Structures are given as structure tokens and as C-alpha cells.
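Visitor: Next input, structure requested:
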Amino acid sequence: MPEITTTRTLRTSQEKAWAVISDPSRFEEWNTLHTRWGAEPPTELGLGTKIVEVVTIKGVVDTIDFTTSAYDAPRYVQLEGSGSTGSTVQLDFTVDPNGDNACNATLHIIFDSSILFGPLGKIIQKAFSKQLDKSLDKLSELVE
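Guide: Numbers count the residues shown, from 1 in each chain. Here you go, the predicted structure:
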């Protein structure tokens, strides 16, 4: 089961970064894995919130039913879900303050699926890593 973590220092306050990260209606602005919503998302996340997200990675489309399993605003949210391809996903978003007007944003994903075995698995893992990096780059552009 692959785990991928990436972190960026953002030149903005923790609160401003959190406002974007914790608002599902803004996922499409920065989350490069996000394709569309399977159902209308709530305007904010909270413990127990359920969302249905369609994601695409390397041409593989997966509809994931997520539940917010941990929530500690304005620092941390964890989404756990299962997908239409038989995947299981844990996605953690963390925003830690870093000085007066900066913060560290971290995306951590644990992903398991039958497609991860064999040569395609390595390609998918590499693609996840690149997409998480791109997501934080887009988040940085959005909030700085």
C-alpha cells in the first residue's frame, strides 16, 4: 500500500490556506486529482461529513465515497474512502503555522487498489506523487 507525502511552505497565514483546503467547493481550483463531484459537496468539512469525489490518475477514473474521519480546524483534516475501482484511500491535509505570515501545507495519501500491482502500479505511484506536488503548487499560487 503506497504512502506519499509532500509539503510546501506557503507565504500566507494558516487561516487563509485552511479556508481554501477545507472548502470542498474550491477543490477544483487546486486539487489536480479532482475531476468533479459525484454529488453536490458541502461548503465546509467537519467530522463525519460525507462527499463523493470523482478523481482521475493516469486515465484511471475512480469515484470515491469519502467520510471526514478526523477534523481539527484550522490544522488538520483526514478523509477516508472507498472507490468504484475497489480502491481504499486515506487523504490527510495538514496546515501548520510557520512564523508570522507563513504556513506549511502537507498532503499525505495512503492508497490501495488492485491496479497497484505489476508495472502499472509503479506508474500510478509516480503519477500520484507528481499530482500531489502540482496540487500544492496550485494551492501556493492561489493563496499567496
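Visitor: now the helices for the chain?
Guide: 14-21, 27-30, 119-143 (DSSP state H).
Visitor: Just want to check the distance between the closest residue to residue 68 other than its chain neighbours and residue 77.
Guide: Once flanking residues are discounted, residue 68 sits nearest to residue 49: 4.3 Å by C-beta to C-beta, 6 or more residues apart in numbering. Glycine gets a C-beta too; all of them are placed from N, C-alpha and C. As defined by C-beta to C-beta, to the nearest Å, residue 49 lies at a distance of 9 Å from residue 77.
Visitor: so what's in contact with those two at the same time?
Guide: Common contact partners of residue 49 and residue 77 (C-beta atoms under 8 Å, 6 or more residues apart in numbering): 68, 71.
Visitor: So those two - more neighbours on which side?
Guide: residue 77 (23 against 17; other C-beta atoms under 10 Å).
Visitor: Show me what that one is bridged to.
Guide: In this entry, residue 77 is beta-bridged to residue 71, residue 93, by DSSP bridges.
Visitor: Residue 9 now?
Guide: Assessed by DSSP bridges, residue 9 has beta-bridge partners residue 104.
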